[in-house]
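A.B. asks: take this sequence and fold it.
(4 chains)
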There are 2 protein chains.
Amino acid sequence: MTRTKVQAAIETLRYRPSSIARALVSGETRLLALLVSDITNPFYPQLAKSIEQEAAKAGYTVVICNTGDRIAETQRHLTRLLGQGLDGVIHAAVGRDEACVLSILGDHRRVIFINRPPVDDSVSCVVSDNFGGAVDLTRHLLSRGHRRIGFIGGPSFARNATDRLRGFKQAMSEVTDAVPFMVTAEFSKNSGTRVLKKWLDDDCGLTAVIAINDQVALGAMEVLIRRNLRMPADVALAGFDGTAIAASPVMGLTSVDQHIDEIGRRAVLLLLKQLGSERFVATRQVLPTKLLLRHSTEGDGRPRTRPARAKTGGARATRDVEP
Amino acid sequence: MTRTKVQAAIETLRYRPSSIARALVSGETRLLALLVSDITNPFYPQLAKSIEQEAAKAGYTVVICNTGDRIAETQRHLTRLLGQGLDGVIHAAVGRDEACVLSILGDHRRVIFINRPPVDDSVSCVVSDNFGGAVDLTRHLLSRGHRRIGFIGGPSFARNATDRLRGFKQAMSEVTDAVPFMVTAEFSKNSGTRVLKKWLDDDCGLTAVIAINDQVALGAMEVLIRRNLRMPADVALAGFDGTAIAASPVMGLTSVDQHIDEIGRRAVLLLLKQLGSERFVATRQVLPTKLLLRHSTEGDGRPRTRPARAKTGGARATRDVEP
DNA sequence: GTGAAAGCGCTAACAT
DNA sequence: ATGTTAGCGCTTTCAC
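C.D. replies: The predicted structure is shown next:
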């Protein structure tokens, strides 16, 4: 009958419905944006993957945008995407742009903050228990006998960073002879390198260092390796996020694991729920973290097998073979 | 005059032009897709960043999609995005889906293949000189005295992998007593772990291993560390891509560096040029690679300072302090 | 230079 | 059940 004839026509004319025209009339595009501060931080790709997967199940497309933690970038992306008919936003790195995001979108139901808790609590979020995670980690280091512990913090506009700092301070204050060292830095590898160099040069007697995330810890670890310092014998090191590279024995970094996939999944489900319902009440989900102990704090002191110095040229031949 | 009055109205009414309506009439959306096989491979975020930046300069938005090297995924993403009014595609991981991509898009001018060269040469691409890079790397290992060298290859549908394999074979064939070992695997960390374990268990006398990319090399390096093998004294290791983690002294991996940012930049410029011009001739750009020597092949044999075994629980206290 | 009208491909609300 | 129509917000054309 009619149905089959139409199907046939669809085939022969290679007809594909235009979501554009549909969007023009219906007002919804099934397009979501994921805002991250820096896609080259391995934490975000892991998050992006779970978000993309969950969104795809519901027929939604996800656009990933780098903000570089700059308000102007957030603004640029959101205004453009809004013109493109964006349905909703998952912001994994709110900071100084919080007010800007909310005002550009207008509607609080269309945005979920994840990873970094927002200041405004009339908007939904899915975050980890950063405070608790930092407490656990710090207490662990204290239990291992460390007293002079450094904390390489993140920028003050990032609430996950400030929560972790609070947790650190809290745990340190519970032990009378504990001496905290604290510095505000960025979420970058360079940041970790710079701060640790300074601390070592100042010879301030640190025996353990907590980095605000695994990337920063990577930068710090590079310094330890370059200076031939033993880990954890000379300096113990720990990070945050539980990224894949931290978990690898190559890095072997003790880290406070966030349930990245779970955060991504929940964020999408929550956002879609909000987009679909009339009545809106902001939801605040806080997931527990898990302390994963690895070489960088638990090592038994046996030396690693790889050489310490890098060269970048001038290879010469001759060597023996014995596998 | 009129202009200022209109500007004022724009402000007061918070008017934002709708790209959707514009797209409906003009037929262009300024939306590009970047197809990658797996966003959690650090190579791709680096690429994505440069592409996103260059595209943004021209007012284009980039959507990143994971194909997982599955045709069905590519198909799903492209048909949906085409409905959304996709202008062009940059595919960084063509494989079995090559024909499918070209047929769905119809128009060869709207797609650029990068990273992996396509079979069809009537379509544009920007790729590295994978063959030459592999030759350089292999010759280097040979010059260091290695003769029994393993090559952990990629899937046969990935032309960058097959080109690298050709380069390896070529260089090995130039030395009479060189003994190549070759295996076809995937572009994943697990792949590297699995293959290296097998080779070591088989006790086949390898002194050097080349991995098809840095991720695979990471998996292989984990095995060396877990088994307490010295690098490069027992086994030298090298990868491909020149990702940030390989460059870090933490991994210290000798790698064939691709000029990732340059590839991304060129891909965008080329695509936009093609989208804008009537006459279309496919362009094939091949960029040189650069061999970067690091610990994993150049180490002096001094032991690394970190312990070799990971634990995941049971911390206890007591230790001394001396920074 | 300013204004009016047609139409992009679809959906929703009618009319048959 | 099937057919018709208005209109989403813009661009393009053609008339004033």
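
A.B. asks: roughly how far apart are the closest residue to residue A:286 other than its chain neighbours and residue A:160?
C.D. replies: Ranked by Cβ to Cβ, 6 or more residues apart in numbering or on different chains and with sequence neighbours excluded, the top spatial neighbour of residue A:286 is residue A:129, at 5.3 Å. For glycine as for every other residue, the C-beta is placed from the backbone atoms N, C-alpha and C. Shown here: residue A:129 relative to residue A:160, a distance of 10 Å by Cβ to Cβ, to the nearest Å.

A.B. asks: between these two, which one's more packed in?
C.D. replies: Neighbour tally, residue A:129 and residue A:160, criterion other Cβ atoms under 10 Å in any protein chain shown: the higher count belongs to residue A:160, 27 against 17.

A.B. asks: hang on, the earlier thing: from memory the residue nearest to residue A:286 sits against residue A:287, does it?
C.D. replies: Yes. Contact criterion Cβ atoms under 8 Å: residue A:129 and residue A:287 qualify, at 6.7 Å.

A.B. asks: and stretch A:150-158 with chain B, contact?
C.D. replies: No. Applying Cβ under 8 Å from any Cβ of the partner chain, one finds stretch A:150-158 separated from chain B by no less than 10.2 Å.

A.B. asks: what about that stretch, start to end distance?
C.D. replies: 19 Å (Cα to Cα, to the nearest Å).

A.B. asks: and the residue of chain A closest to DNA strand D?
C.D. replies: Relative to DNA strand D, the nearest point of chain A is residue A:25 (3.6 Å; Cβ to the nearest atom of the strand).

A.B. asks: how about residue A:162, nearest residue that isn't a chain neighbour?
C.D. replies: Nearest residue to residue A:162, sequence neighbours excluded (Cβ to Cβ, 6+ apart): residue A:156, at 6.2 Å.

A.B. asks: brain fart, residue A:186
C.D. replies: Using Cβ to Cβ, 6+ apart, the closest residue to residue A:186 is residue A:155 (6.2 Å).

A.B. asks: assign that neighbour to helix, strand or coil.
C.D. replies: The three-state label given to residue A:155 by DSSP: H, G, I helix; E, B strand; the rest coil is coil.

A.B. asks: tell me the confidence at it?
C.D. replies: At residue A:155, the model reports a pLDDT of 97.

A.B. asks: what of residue A:107?
C.D. replies: Per-residue confidence (pLDDT) for residue A:107: 88.

A.B. asks: contacting residues around it?
C.D. replies: The contact partners of residue A:107, by Cβ atoms under 8 Å, 6 or more residues apart in numbering or on different chains, come to none.

A.B. asks: list the contacts for the most centrally placed residue in chain A?
C.D. replies: Central residue of chain A (Cα atoms, centre = their mean): residue A:43, 4.3 Å from the mean position. The contact partners of residue A:43, by Cβ under 8 Å, 6+ apart, come to A:213, A:214, A:215, A:241, A:243, A:260.

A.B. asks: where neighbours are concerned, which of the residues you listed has the most?
C.D. replies: For these, counting by other Cβ under 10 Å, the largest number of neighbours falls to residue A:241: 32 neighbours.

A.B. asks: what about that one, distance to residue A:153?
C.D. replies: 15 Å.

A.B. asks: try residue A:204
C.D. replies: Counting by Cβ to Cβ, the separation of residue A:204 from residue A:153 is 16 Å.

A.B. asks: which one of these two has more residues nearby?
C.D. replies: Between residue A:204 and residue A:153, residue A:153 has the larger neighbour count (other Cβ under 10 Å), namely 24 against 13.

A.B. asks: report pLDDT for the residue of chain A closest to DNA strand D.
C.D. replies: In this model, residue A:25 is scored at 88, pLDDT.

A.B. asks: and whichever strand or helix holds it, how far from the chain's centre?
C.D. replies: If you go by DSSP states H and E, residue A:25 is part of helix A:19-26. Chain-centre distance of helix A:19-26: 34 Å, with Cα atoms, centre = their mean, to the nearest Å.
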